[in-house]
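In: structure here, sequence nowhere to be found:
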């Protein structure tokens, strides 16, 4: 049986300011060298405002499914997914397949029984995050109704309104750590409207 590879997964978007692909690549390869890890393969995704596709992550998933990967090393766990819940699901699947996952900046090593214990804690955090987002959205909707409107107003004579669907979409995107600029573009609203809605959520 061929020796399994160690995957170095890199992801960067146009909104990342500090950790570009090259800096991540340098840190991950140095970590592998310092720990005597050979037979590595790099998977790198660069996301832009126009696309959120991750072809290299999909290739990594396929290679893990086919049993080619024994370990995955990342800069931070948020490189794997924008949302805590999705990230936990990915980690769970990989660990159950016998894949070791290492986050070098967070000094986390998901391997064996201790890795499963750490995953249990992440599951609890993910559920708390989802509950908080739902509670904040409901609170914002209630506050808007108390003022006699669904949610909205006017700006320079132009009426705008956030429908319940858009409110839920904003909540989901916030939970998945999208930037405010990305959220405004995806939902199709101005940043002013988005910032105002977020202020309501925080009350």
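Out: On my side now, so go ahead. Quantities reported herein were computed from a predicted structural model and do not represent experimental measurements.
In: who touches stretch 57-76?
Out: Residues outside stretch 57-76 that contact it (CB atoms under 8 Å, 6 or more residues apart in numbering) are 2, 4-11, 19, 24, 27-28, 31-32, 37, 43, 45, 80, 94, 97-106. Quick note: C-beta positions are derived from backbone N, CA and C, even for glycine.
In: ok, of the residues you listed, which come out buried?
Out: 4-11, 19, 24, 27-28, 31-32, 37, 43, 45, 80, 94, 99-104 (16 or more other CB atoms under 10 Å).
In: give me the buried positions along stretch 181-200.
Out: For stretch 181-200, by 16+ other CB under 10 Å, it's 182-184, 187, 189, 193-194, 196-197, 200.
In: let me know the average pLDDT across it.
Out: Averaged across stretch 181-200, pLDDT comes to 80.
In: helices and strands around the helix or strand residue 91 falls within, which ones?
Out: Counting by DSSP states H and E, the element that carries residue 91 is helix 84-96. On a contact count with 3 or more CB pairs under 8 Å, 6 or more residues apart in numbering; DSSP states H and E, helix 84-96 meets strand 100-103, helix 112-146.
In: select from the ones you listed the stretch with the lowest mean pLDDT.
Out: helix 112-146 - the lowest mean pLDDT of the helices and strands packed on helix 84-96, at a mean of 64.
In: secondary structure class for residue 3?
Out: For residue 3, the assignment made with DSSP: H, G, I helix; E, B strand; the rest coil gives coil.
In: give me the number of residues near the closest residue to it other than its chain neighbours?
Out: Using CB to CB, 6 or more residues apart in numbering and skipping the chain neighbours, the partner closest in space to residue 3 is residue 39 (5.8 Å). By other CB atoms under 10 Å, 12 other residues sit near residue 39.
In: kind regards, and thank you for your time.
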